[in-house]
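Novice: Structure for this input, please:
(one chain, ligands or ions: 1)
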Amino acid sequence: MLTKKILNNPLKILTKNQREEYFEEGGIKVDEVLNRNWLNKAKLSVEEFIEKSKVLSNSDTVYDLQKDHTFQNPKLRRVSSPCDYSNDLWKLLLDGPIGDIAEDLLGSCVRFYQSKLNFKNPKGGTEVKWHQDKPYFPHTNDSVLTIGVYLEDCDELQGPLEIISGSHKKEVFSHYDESKWIGNINDNDLSKIDLSKNKILKGNAGSITIHNYRTIHGSKPNNSKTSRPLMLYVLSSGDSVPFTPQPLKSKYEQEIVRGIYNNKIHCDAGDYQVPPNWNNGYSSIFAIQQKESS
Ligand SMILES: O=C(O)CCC(=O)C(=O)O
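Specialist: Below you'll find the predicted structure:
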């Protein structure tokens, strides 16, 4: 949806300044979005995922495990499509503040793309290298964003999400090394980016991060003694749909979560590099960037 149209919509949760900051910088952090009730429900879902992962010894299509994961010391890196397995995490979007904030930034019609629950375990939770999301899932227009919900307090030591301010208005970089998908911006292109423009989106449990899918973002390893669970919702305006197959299969894919869809899409002109065809399986951004699989 066109930004100027979105800016005319009445706001549900964000302030005018927060909405303008999102469109200007490509990402923001918003404090205290989840009340105690929502936060407790979401945290309970996380505990259930950890509990279920204990009996696994290998990653599968839902649970991505760190190499040293054991029953006694479970080390989850990601749960793919957690909304498919936790009604509370789905309701947080559908009926809760996440859907309201999505409306503030995407317009009244909001489409679900994917969900994922990323962990960074204490003392060693993996970094996420600088990347953009558009090369992973190009859409017909750029009204696509990710909302991340911190489920524990996240300070600089836990590896909070970081963005490069203003990068959403600039180049979308290839995430290939020649013909091989690497899932991040290569060193040569990184040297063209002003990394001093990084904005660290740290926040307490219940606060959220938001970034546009063109915005360069990443996060450092977790060097602290506490875990960093981050619940991520990827959403688009109703009029923006993906060009390529979804890597994280979900029963909710393309569901309209807010508003009424008028069966129209908006297409931005241009050339797009498309990601590999992940129809035969996708692991996680951690596994790809750490070169565990392709
Ligand atoms: O978990 C993080 O810190 C970043 C996640 C991310 O950028 C992604 O999964 O695409």
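
Novice: And the helix or strand containing Leu232, what does it pack against?
Specialist: Here Leu232, judged by DSSP states H and E, is contained in strand 230-237. Judged by 3 or more CB pairs under 8 Å, 6 or more residues apart in numbering; DSSP states H and E, strand 230-237 is in contact with helix 87-94, helix 97-106, strand 110-118, strand 144-150. Any C-beta I mention is one placed from the backbone N, CA and C, and that applies to glycine too.

Novice: Make TSV out of the ones you listed and add mean pLDDT, mean neighbour count and distance to Lys4.
Specialist: Listed next are those as TSV, based on pLDDT from 0 to 100; neighbours: other CB atoms under 10 Å; distance: least, CB to CB, whole Å:
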stretch	mean pLDDT	mean neighbour count	distance to Lys4
helix 87-94	98	20	26
helix 97-106	98	23	13
strand 110-118	97	25	18
strand 144-150	98	25	17
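
Novice: for these, which one sits closest to Val30?
Specialist: With CB to CB as the criterion, Val30 lies closest to helix 97-106 of the helices and strands packed on strand 230-237, at 7.1 Å.

Novice: give me the beta-bridge partners of the residue of the stretch 51-200 of the chain found nearest the ligand?
Specialist: With CB to the nearest ligand atom, the shortest gap between the stretch 51-200 of the chain and the ligand falls at Asn118, namely 3.6 Å. In this entry, Asn118 is beta-bridged to Arg78, Leu230, by DSSP bridges.

Novice: That one against Asn222, yeah?
Specialist: No - contact criterion CB atoms under 8 Å: Asn118 and Asn222 do not qualify, at 10.9 Å.

Novice: Name the residues that touch the helix or strand that the strand holding Leu232 is followed by?
Specialist: With elements assigned by DSSP H and E, the helix or strand that comes after strand 230-237 is strand 256-258. Residues outside strand 256-258 that contact it (CB atoms under 8 Å, 6 or more residues apart in numbering): 93-94, 99, 102-103, 108-112, 235, 238.

Novice: Likewise for stretch 21-34?
Specialist: With contacts defined as CB under 8 Å, 6+ apart, stretch 21-34 is touched by 3, 7, 13-14, 18, 42, 92, 96-98, 101, 105, 149, 163-169, 199, 201-212, 214-215, 217.

Novice: Likewise for stretch 186-201?
Specialist: Residues outside stretch 186-201 that contact it (CB under 8 Å, 6+ apart): 25, 27-29, 130, 148, 156, 160-167, 173-174, 177, 185, 209, 211, 216.

Novice: average pLDDT for it?
Specialist: Stretch 186-201 shows a mean pLDDT of 96.

Novice: tell me which residues in that stretch are buried?
Specialist: Within stretch 186-201, the residues that qualify as buried are 186, 193, 198-199, 201, counting by 16 or more other CB atoms under 10 Å.

Novice: to the chain's geometric centre, what's the distance from that stretch?
Specialist: Taking CA atoms, centre = their mean, to the nearest Å, the mean C-alpha location of stretch 186-201 is offset from the chain mean by 19 Å.

Novice: follow-up on the earlier one: mark which of the contacts of stretch 21-34 are part of helices, please.
Specialist: 3, 7, 18, 42, 92, 97-98, 101, 105 (DSSP state H).
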